[in-house]
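K.L.:
Model the structure of this input:
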Amino acid sequence: MTTGPTTGQTTSPRTFDNEDHLPRVPVPDLVDTCARFLEWSAPLLTDEQRTETERTVEEFLAPGSIAHELQAALEAYDRRPDVASWLDDFWYYRYLGRRDRIALNANFFFLFHDTGEDQATRAAGLAAAAVDYKLRLDDEQIPPAVVRGTPQTMVQHKFLFGADRVPGAELDSVRTPYSAEHPGPARARHIVVFHRSTPFRLDVLDADGRPYDREDLAVAMQAIMKDGAFLDDPSAAPGHLTTMARAEWAATRANLIGAAPGNAAALEEIESALFCVSLDEDPGMSKLEACNKLLHGNSGNRWFDKSFSFVVFDDGWAGINIEHCWLDGTTILSFLDTIHDGPLTGQAVRGVPAVAPIELTMDDALRRTAREAAESFEAYATATASASISFDDFGSSKIKKLGMSPDAFVQMAYQLAHRRAKGLTGATYESIATRQYRHGRTEAMRVVTQEVLTFVSTMDDPAASADDRRAALRAAAAKHVARAKECQAGAAPEQHLWELQLIAKRGGATSFPALYESPGWLIMRDDYLSTSSAPSVNVQFFGFGSTSPQCIGVAYVLLPDHLNIYLSTPRIVGAEMHKFLDELSTAVRQLRQLLAD
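P.N.:
Predicted coordinates:
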């Protein structure tokens, strides 16, 4: 056991030993939440909209309002001994309750650095390193994350291997290890490798649970690529089905299981696999093209429901696609950093492991459904515009030397660029990690403050001096840092109010307090920018889809010496995204010069 230098908290070196000792996410006070909601939404509203929102909040807090019953139910839920966090049900319904497609809309990706290896060698190396990590995780030998002396939750690591999202008619479920149905670590000894839209079972552990050698895995990967027993019609591959809206996929999955006696077992092999590897045939791509392929590539060669899938391209470039329901970026980054940086620790067994195609028998109706799903997803992906930008000489180190929080700087640059590109300041989301709490995930931060409005207006006010602009920038950045700290402490309104609404829905309510139809609630959550940061020296780019028709998804990798950004938006507003990108280059240069002066 060790003691954290900042908190004095005793921590265990075993992966999951600290979880029960972490503090619980505090249940927000109802009055405080409503006060923050009014403050957070106000900068986005007209005077009339603000007055209307204030009226609905007064009704929400009035004696006799159902809000007090919902808050009492939430507090009672939090007191239950089987509940780790008042957000446990919130995350379940937020992610598993969505009914649209998760491919592109919810899954996210990371693009790795090139190693110069060929496709089979790169795929085998990633698989071997992941299996090594899995075995260390099973023995709780992965050191728990510690930030500034404070241990972080590691519970999401239980859902890395052998996990799969299962579609449902009204609510999805998740097949995971460490559950009542599958207690303890994942028991599977295999992964699923997709090539030419055909799934293959590849054993990565022998009968005694020993990992196969990386070189032998590479031989197996080469054998898969030369197999020849590929689907005769890739346009009707089963993988396409995982791009469907969830209820439609649930019905189709039931039909798939019933279509042939061996389909249930074949589907079990895919869903129980430790993870997937997709061997794609896309050589000579740009980094942007590789990012797009990782986000929404050949859907016949994917299984988007899998917890994670390594994607390795023909020239050895590689990345990962992640299903979001139980995994956040921070968990994936710690996993990726370990498998990229550390040597393999286990004693590998020699011998080429067994490989076999996984056969899912599709009747004519299922083939037609798969083709329609493939065409629909391709059209959806085509209707998505993307772009990327790199600042190769400017990162967090130089921003700190300018006397500003790196994240606050880039967020202010986003706000200035957006105002100049679109002529307005719109709702902006930023995810803030809360892993210092038991089962902690993220909090929803809303970036636009009154200080941000003053800042963007002052920057383009011809009467403003450099000192005026600098003061406005520093005030907006300071407010950003203060709000981020509130979110890190769990003091944020959106998820609290949202969970109260979900409690009412789960209780059978069909009508809800007027607050949930107020201008403040609707406008504050109607994203124009959806932003998230993922810093890692092992990642070039990180990305996800946009969250609304006018939204630009902004995924950024901010490191000491550079800043890489991937953007995604509906193609119908793609020109505005490219204008935003041009303005962003200008904004970064201007703000950098302003602070340097």
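K.L.:
Checking residue 69 next. Helix, strand or coil?
P.N.:
Classification of residue 69 using DSSP: H, G, I helix; E, B strand; the rest coil returns helix.
K.L.:
Tell me which residue lies farthest from the centre of this protein.
P.N.:
For the chain, the largest distance from the centre (CA atoms, centre = their mean) belongs to residue 463, which lies 42.6 Å off.
K.L.:
separation between it and residue 451?
P.N.:
19 Å (CB to CB, to the nearest Å). Glycine gets a C-beta too; all of them are placed from N, C-alpha and C.
K.L.:
Need the residues that contact stretch 124-133.
P.N.:
For stretch 124-133, the surrounding residues in contact (CB atoms under 8 Å, 6 or more residues apart in numbering) are 115, 117, 142, 161, 191, 202, 204-205, 211-215, 217-218, 220-221, 274-275, 277, 310, 312, 318, 335, 338-340, 342, 344-346, 348.
K.L.:
What is the host helix or strand of residue 320 packed up against?
P.N.:
Assessed by DSSP states H and E, residue 320 sits inside strand 318-322. In terms of contacts (3 or more CB pairs under 8 Å, 6 or more residues apart in numbering; DSSP states H and E), strand 318-322 is packed against strand 108-112, helix 119-138, helix 287-296, strand 308-312, helix 329-341.
K.L.:
one more time with 6 Å
P.N.:
Judged by 3 or more CB pairs under 6 Å, 6 or more residues apart in numbering; DSSP states H and E, strand 318-322 is in contact with strand 108-112, strand 308-312.
K.L.:
Parallel or antiparallel, list what pairs with that strand.
P.N.:
Sheet pairing for strand 318-322, assigned by DSSP bridges, gives strand 108-112 (antiparallel), strand 308-312 (antiparallel).
K.L.:
Compare the ones you listed and give me the one nearest residue 507.
P.N.:
With CB to CB as the criterion, residue 507 lies closest to strand 108-112 of the strands paired with strand 318-322, at 32.2 Å.
K.L.:
between the closest one and helix 329-341, how big is the angle?
P.N.:
20 degrees (axes from the mean of the first three to the mean of the last three CA atoms, to 10 degrees).
K.L.:
The chain should start at 23 in everything you say after this.
P.N.:
In the new numbering, first residue 23, that becomes strand 130-134.
K.L.:
if we can go back for a sec, the strand holding residue 342: which residues count as buried?
P.N.:
340, 341, 342, 343, 344 (16 or more other CB atoms under 10 Å).
K.L.:
starting at the chain centroid, how far to that strand?
P.N.:
Offset of strand 340-344 from its chain centre (CA atoms, centre = their mean, to the nearest Å): 12 Å.
K.L.:
looking only at pLDDT, what's the mean for that strand?
P.N.:
If you average the pLDDT over strand 340-344, you get 98.
K.L.:
So what touches it?
P.N.:
Applying CB atoms under 6 Å, 6 or more residues apart in numbering, the contact partners of strand 340-344 are 129-134, 144, 316, 330-334, 354.
K.L.:
Need the residues you listed in a markdown table (columns: pLDDT and neighbour count).
P.N.:
Formatted as a markdown table, the entries for the contacts of strand 340-344 read as follows, by pLDDT from 0 to 100; neighbours: other CB atoms under 10 Å:
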| residue | pLDDT | neighbour count |
| --- | --- | --- |
| 129 | 98 | 27 |
| 130 | 98 | 24 |
| 131 | 98 | 28 |
| 132 | 98 | 26 |
| 133 | 98 | 26 |
| 134 | 98 | 23 |
| 144 | 98 | 24 |
| 316 | 98 | 29 |
| 330 | 98 | 23 |
| 331 | 98 | 27 |
| 332 | 98 | 24 |
| 333 | 98 | 29 |
| 334 | 98 | 29 |
| 354 | 98 | 24 |
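K.L.:
And the pLDDT at the residue lying closest to residue 122 once chain neighbours are set aside?
P.N.:
Among residues not flanking residue 122 along the chain, residue 267 sits closest, at 5.5 Å (CB to CB, 6 or more residues apart in numbering). Residue 267 carries a pLDDT value of 98.
K.L.:
Now residue 267: phi and psi?
P.N.:
When quoted as degrees, to the nearest 10, the phi and psi of residue 267 stand at phi -60, psi 150.
K.L.:
Could you count how many residues lie near it?
P.N.:
Residue 267 has 16 neighbouring residues, counting by other CB atoms under 10 Å.
K.L.:
And the helices in the stretch 323-472 of the chain?
P.N.:
351-363, 386-404, 418-423, 428-444, 472-481 (DSSP state H, counting those that start in this stretch).
K.L.:
Of those, which stretch is the most buried?
P.N.:
Mean neighbour count, computed with mean count of other CB atoms under 10 Å, is highest for helix 428-444 among those, reaching a mean of 23.
K.L.:
residues making contact with it?
P.N.:
Counting by CB under 6 Å, 6+ apart, 418, 421, 447, 469, 474, 478, 481, 498-499, 502-503, 551, 580, 598, 601-602, 605-606, 609-610, 613 sit against helix 428-444.
K.L.:
so where's the protein shaky on pLDDT?
P.N.:
Within the chain, the segments meeting pLDDT under 70 span 23-32.
K.L.:
Walk me through the domains of it.
P.N.:
Domain ranges of the chain: 35-50+90-114+408-618, 139-404, per automatic domain parsing.
K.L.:
Out of those domains, flag the one nearest residue 77.
P.N.:
domain 35-50+90-114+408-618 (7.9 Å).
K.L.:
What's the end-to-end length of that closest one?
P.N.:
By CA to CA, to the nearest Å, the extent of domain 35-50+90-114+408-618 from end to end equals 43 Å.
K.L.:
burial measure for residue 275, as a count.
P.N.:
20.
K.L.:
before we move on, the earlier item: let me have the helices of the stretch 323-472 of the chain in a markdown table, extended by distance to residue 462.
P.N.:
Listed next are the helices of the stretch 323-472 of the chain as a markdown table, based on distance: least, CB to CB, whole Å:
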| stretch | distance to residue 462 |
| --- | --- |
| helix 351-363 | 10 |
| helix 386-404 | 33 |
| helix 418-423 | 24 |
| helix 428-444 | 19 |
| helix 472-481 | 27 |
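K.L.:
which one of the ones you listed lies closest to residue 273?
P.N.:
Going by CB to CB, the one of these nearest residue 273 is helix 386-404, 9.5 Å.
K.L.:
report the angle between the axes of that closest one and helix 309-318?
P.N.:
Counting by the same axes, to 10 degrees, helix 386-404 lies at 140 degrees to helix 309-318.
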